[in-house]
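# One predicted model, sequence on top.
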Amino acid sequence: SPEGSNYYVRILSTIDRELLKPNASVALHKHSNALVDVLPPEADSSIMMLTSDQKPDVMYADIGGMDIQKQEVREAVELPLTHFELYKQIGIDPPRGVLMYGPPGCGKTMLAKAVAHHTTGGHPWVVVGTSGGWWGSLRSFWVPWGAADREVQRILLELLNQMDGFDQNVNVKVIMATNRADTLDPALLRPGRLDRKIEFPLPDRRQKRLIFSTITGKMNLSE
């Protein structure tokens, strides 16, 4: 037709037909062209693109405790971004990538957003959900055709190639966060990729008090 090709395809029985609306994005099987999934809209809640004129509203002061983690992240990411030329003059080679790891809910994503808040002057950021959901969705999408491992491996290889392809003279930083560092492919942890590992443990009693004080700092509380 003048508007493009028309296809009559089979729809898997597991698809919610109410999601099939005009202009919806869908996934088709590469061999049978069967409709296998309805893709999320561009504003996917698990992936957020921050352009140079956008930045999260999270600041370091909004995060209770985690003084050690804040210092390590600032040394590994913020200072090399904000003082890039100084690092080059001194001859210091800062980490290319940082891995934050620890149990869910310990502040990994929040601290990454705080770094973005303080360093977004001209730097685009891509923030991806850290719970492993998008990898899980990717794997479940390919499982019916026995291709999950192959497709995930292909995407991992492309990710590694992109990380290795960063120009040393271009100030690019990679921050990744995970709840299960023990399940990561060792290739991600090789020198030149994720050079710095920062642990985010469960908060102890002191850290809990600091978190509580930060959250309630603007509240009127009785003794």
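Structure received.

# any idea how far residue 21 is from residue 28?
Counting by CB to CB, to the nearest Å, the separation of residue 21 from residue 28 is 17 Å. In short, each C-beta sits where N, CA and C put it, glycine included.

# Between the two, which is the more surrounded one?
It is residue 28, of residue 21 and residue 28, that has more neighbours when counted by other CB atoms under 10 Å, with 14 against 8.

# mind checking the backbone torsions on that one?
Phi and psi for residue 28, reported as degrees, to the nearest 10, are phi -110, psi 140.

# Likewise for residue 198?
Backbone torsions for residue 198, taken as degrees, to the nearest 10, come to phi -120, psi 120.

# next one: residue 15
The phi/psi pair for residue 15 (degrees, to the nearest 10) is phi -80, psi 130.

# tally of neighbours for it?
Residue 15 has 15 neighbours, counted by other CB under 10 Å.

# Residue 37 bridge partners, please.
On the basis of DSSP bridges, residue 37 is bridged to residue 27.

# How is residue 110 assigned, secondary-structure-wise?
Look at residue 110: counting by DSSP: H, G, I helix; E, B strand; the rest coil, its state is helix.

# Which helix in this protein has the most residues?
Using DSSP state H, we find that the single longest helix of the chain is helix 148-164.

# Quick check: mean pLDDT of that helix?
For helix 148-164, mean pLDDT rounds to 71.

# Which is the succeeding secondary structure element to that helix?
Moving toward the C-terminus from helix 148-164, the next helix or strand (DSSP states H and E) is strand 174-178.

# need the strands for the chain, in chain order.
26-28, 35-38, 47-50, 97-101, 125-128, 174-178, 196-199 (DSSP state E).

# Which among the ones you listed is found nearest to residue 75?
Among the strands of the chain, strand 196-199 comes nearest to residue 75, with 8.6 Å by CB to CB.

# Only alpha carbons, please: show that closest one as PDB.
Provided in PDB are the C-alpha atoms of strand 196-199 (Å, rounded to 0.1, in the frame of the first residue of the first chain):
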ATOM      1  CA  ARG A 196      36.100  -0.200  40.100                       C
ATOM      2  CA  LYS A 197      33.800  -2.300  42.200                       C
ATOM      3  CA  ILE A 198      31.800  -0.600  45.000                       C
ATOM      4  CA  GLU A 199      29.800  -2.700  47.400                       C
END
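
# got any ranges where this protein has weak pLDDT?
Filtered on pLDDT under 70, the chain yields the residue ranges 1-5, 41-54, 120-152, 166-170, 222-223.

# Distance check, the residue nearest to residue 171 when sequence neighbours are not counted against residue 162.
Closest residue to residue 171 apart from its sequence neighbours, by CB to CB, 6 or more residues apart in numbering: residue 84 at 4.6 Å. Using CB to CB, one obtains 20 Å as the distance from residue 84 to residue 162.

# likewise residue 98?
Note on residue 98: its distance to residue 162, by CB to CB, is 16 Å.
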